[in-house]
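[1] heads up, no residue letters with this:
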């Protein structure tokens, strides 16, 4: 099943192999990526903080050294979400007040990527406070979807996904609390991974108001990679994970899958349902056992209620809600208890099922609007629905701290569509491997 593609540029592993083979130098790779950004980004506005001179210097220095075994990304140019600190560059999260506030050190993820041989070219666009399925702000402007610049690339890692989809860079790193890696991957037709919560420490990913305070890593929110293939996702995950990850090695055809494609609070549009149902049919035809319902599922409406409440409290750092009410310690501990019950329910489900398949969002890439998506409505099969209800599909994996890999499965009217493969906690590499097998079934 074909899906819209914009580039034939190699992925990170393939590019690193070319550099190691001597087909091009780290500087050649960096110059080529810079040229693509300068050419392609005019109409997209994905890479909003450029660090080209330091990237060239780093590439020259790297070129005088032989690649080491612990440098699988030797010479590979990439960018990273604006909200990650890179020493000497601004981290403003879209706020005018912080646009000149420079980071004094690299975020942990940045440090790990550089240690693996990657060369950072700059940073990609986000919505204000990383809180929308669009990527626009008063500092850096609006990022367009490479497939249709009149539409959003998603958010909050929208600039990240757009840069990868357009072929500017082979890979990226974003963050996700409300689908902020998965939705951009879905909207832009690339691969993305929401990691198990706690797997990748996010030190150096702090709101600029908290700069230098080593703030708490935050509940629900994770760091995760974006790329154009599953192998690159797995490598980026292993390079940044804080704990060793297992691989079951279980073939997909021996797995039992559960599909979630319907929910009364968040129906999915026909443009999403069509590619989703076609993909499921092909997976079943390949001999994989798929169920459409299970009594093992937790109370999903209650989970969604608890997820939204926890996310809103966390993102506001406990400040009063719009109704003026402020959560107290009892509210917070009640939510932690609810989250623990959700985790246990999903763990029980994964004793029967290997993976859960679901859409990343109820719609394809949305047209640009001047207000946040979640302040308004989205159109699903011609009817208007609260956009916030679409967060159900993100919350499935977020609230119980589960991993989820998004792969492109097809498209509708030139816009790509993705699917998320959700698995048990710490089963991140297995999710990526299952997604890779599904990709092979769908696309050969």
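    All right, it came through fine. From a predicted model like this one, the values you see are computed outputs, not experimental measurements.

[2] ok, the spatially closest residue to residue 7 that is not a sequence neighbour - how many residues close by?
    Nearest residue to residue 7, sequence neighbours excluded (C-beta to C-beta, 6 or more residues apart in numbering): residue 167, at 2.8 Å. Every residue, glycine included, has its C-beta placed from N, CA and C. Using other C-beta atoms under 10 Å, residue 167 has 19 other residues around it.

[3] What helix or strand is residue 408 located in?
    strand 404-412 (DSSP states H and E).

[4] That strand pairs with which strands, and in what direction?
    strand 191-194 (antiparallel), strand 415-422 (antiparallel) (DSSP bridges).

[5] Give the helix, strand or coil label for the residue nearest to residue 82 when sequence neighbours are not counted.
    Closest residue to residue 82 apart from its sequence neighbours, by C-beta to C-beta, 6+ apart: residue 123 at 4.3 Å. Three-state call for residue 123 (DSSP: H, G, I helix; E, B strand; the rest coil): strand.

[6] Give me the distance between residue 123 and residue 207.
    15 Å (C-beta to C-beta, to the nearest Å).

[7] Which positions in the helix or strand hosting residue 110 come out as buried?
    For residue 110, the element it lies in under DSSP H and E is helix 108-115. By neighbour count with 16 or more other C-beta atoms under 10 Å, helix 108-115 contains the buried residues 108, 109, 110, 111, 112, 113, 114.

[8] What of stretch 292-307?
    297, 298, 300, 303, 304, 306, 307.

[9] Tell me which of residue 123 and residue 207 has more neighbours.
    Per other C-beta under 10 Å, whichever of residue 123 and residue 207 has more neighbours is residue 123, with 28 against 19.

[10] was I right about the more buried one contacting residue 84?
    Yes: using C-beta atoms under 8 Å, residue 123 is in contact with residue 84, at 7.2 Å.

[11] To residue 141, which of the strands paired with strand 404-412 lies closest?
    Ranking these by proximity to residue 141 (C-beta to C-beta) places strand 415-422 first, at 22.1 Å.

[12] which stretches of this protein have low pLDDT?
    1, 212-217 (pLDDT under 70).

[13] let's go with 90 and repeat that
    Residue ranges of the chain with pLDDT under 90: 1-5, 210-218, 246, 263-265, 314-325, 444.

[14] Could you report the neighbour count for residue 195?
    26.

[15] which residues touch it?
    Residue 195 makes contacts with 222, 223, 224, 237, 241, 403, 428, as judged by C-beta atoms under 8 Å, 6 or more residues apart in numbering.

[16] and it, how far is that from residue 242?
    Per C-beta to C-beta, residue 195 is found 10 Å from residue 242.

[17] again, but for residue 110
    For residue 110, the distance to residue 242 - C-beta to C-beta - is 15 Å.

[18] what comes up buried for the lengthiest helix in the chain?
    Criterion DSSP state H: the longest helix present in the chain is helix 329-349. Applying a neighbour-count criterion of 16+ other C-beta under 10 Å, one finds 332, 335, 338, 339, 341, 342, 343, 345, 346, 349 buried in helix 329-349.

[19] Could you identify the helix or strand that succeeds it?
    strand 355-358.

[20] now for the helix or strand just after that next one, which elements pack on it?
    Of the helices and strands lying after strand 355-358 in sequence (DSSP H and E), the nearest is strand 377-380. On a contact count with 3 or more C-beta pairs under 8 Å, 6 or more residues apart in numbering; DSSP states H and E, strand 377-380 meets strand 383-386.
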